[in-house]
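Trainee: Next input, structure requested:
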Amino acid sequence: MTTTRQHPEETDRGDVVDLLLAQHGRIEELFRAVRGSSGRAKQEAFEELTHLLSIHETAEEEIVHPAARTSIDAGDEVVQARLAEEHDAKELLAGLMKLDVQTPEFDAELDRLRIAVYEHAKREERYEFMQLRAAHPPERLVRMAGALRAAEKIAPTRPHPGVESATKNLLLGPPTALVDRVRDAVRDAMRD
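Mentor: Purely as a prediction, here's the structure:
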């Protein structure tokens, strides 16, 4: 993954590739934060990681992959491979959400997820993002960044394996996102 200190909300300028690379950097930071903390801080870092991974993948599936499928070399094959990786990562993340963050099993599974996400991000950056940047004019890539941000605002905040297509995300995403966000609010309210 490309390491960066920018948070996704700090990349209001720039194109979709800049935004995605910044998010990859933030995801990497959150993996380190989860691994390097304990107790409530670990739980909160994991919840932030879960949220970012979930909205990031959904937005990619709605905005980035459809554009890549039709505009980059071997687009269909590249996107299908990324979707399979995203499905596997969602399965790992969903399993992690069932575990207590203080158990050794959690840390072992977190490491499995981290490696899967890291490898996935490297492949996206190499085979998809750079080709996408070369295939589209800068103004289109900037518009895609705006579309990505909009998609993230209504994306589910938890992993939903099996929903890895733009069509499924557009049909199932908004009601699923509503349920996820209510669950998040209840969880947060019960914490204090």
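
Trainee: Ends of stretch 60-70, what's the gap?
Mentor: Distance between the two ends of stretch 60-70: 14 Å, counting by CA to CA, to the nearest Å.

Trainee: What mean pLDDT does it get?
Mentor: The average pLDDT for stretch 60-70 rounds to 93.

Trainee: likewise stretch 118-126?
Mentor: Across stretch 118-126, the average pLDDT comes to 97.

Trainee: which other residues reach it?
Mentor: 1-2, 20-21, 24, 27-28, 60, 81-82, 85-86, 89 (CB atoms under 8 Å, 6 or more residues apart in numbering). Where you see a C-beta, it was placed from the backbone N, CA and C, and this is true even at glycine.

Trainee: Could you give me the buried positions within that stretch?
Mentor: Residues of stretch 118-126 classed as buried: 120, 121, 124, 125 (neighbour count, 16 or more other CB atoms under 10 Å).

Trainee: following the host helix or strand of the second one, which helix or strand shows up next?
Mentor: With elements taken from DSSP states H and E, the one containing residue 121 is helix 104-123. Beyond helix 104-123 in the direction of the C-terminus, DSSP H and E gives the next helix or strand as helix 130-135.

Trainee: low-scoring stretches of this structure, by residue?
Mentor: In the predicted model, the chain carries pLDDT under 70 at residues 1-13, 160-192.

Trainee: Recalculate using a threshold of 50.
Mentor: Applying pLDDT under 50 to the chain flags the ranges 1-11, 168-169, 171, 175, 178-179, 181-182.

Trainee: Do you have the helices of it handy? List them.
Mentor: Counting by DSSP state H, the chain has helices at residues 16-35, 39-59, 65-71, 75-96, 104-123, 130-135, 138-153, 166-191.

Trainee: picking that back up, next, format the buried residues of stretch 118-126 as a markdown table and append distance to residue 93.
Mentor: Formatted as a markdown table, these follow (distance: CB to CB, whole Å):
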| residue | distance to residue 93 |
| --- | --- |
| 120 | 12 |
| 121 | 14 |
| 124 | 17 |
| 125 | 20 |
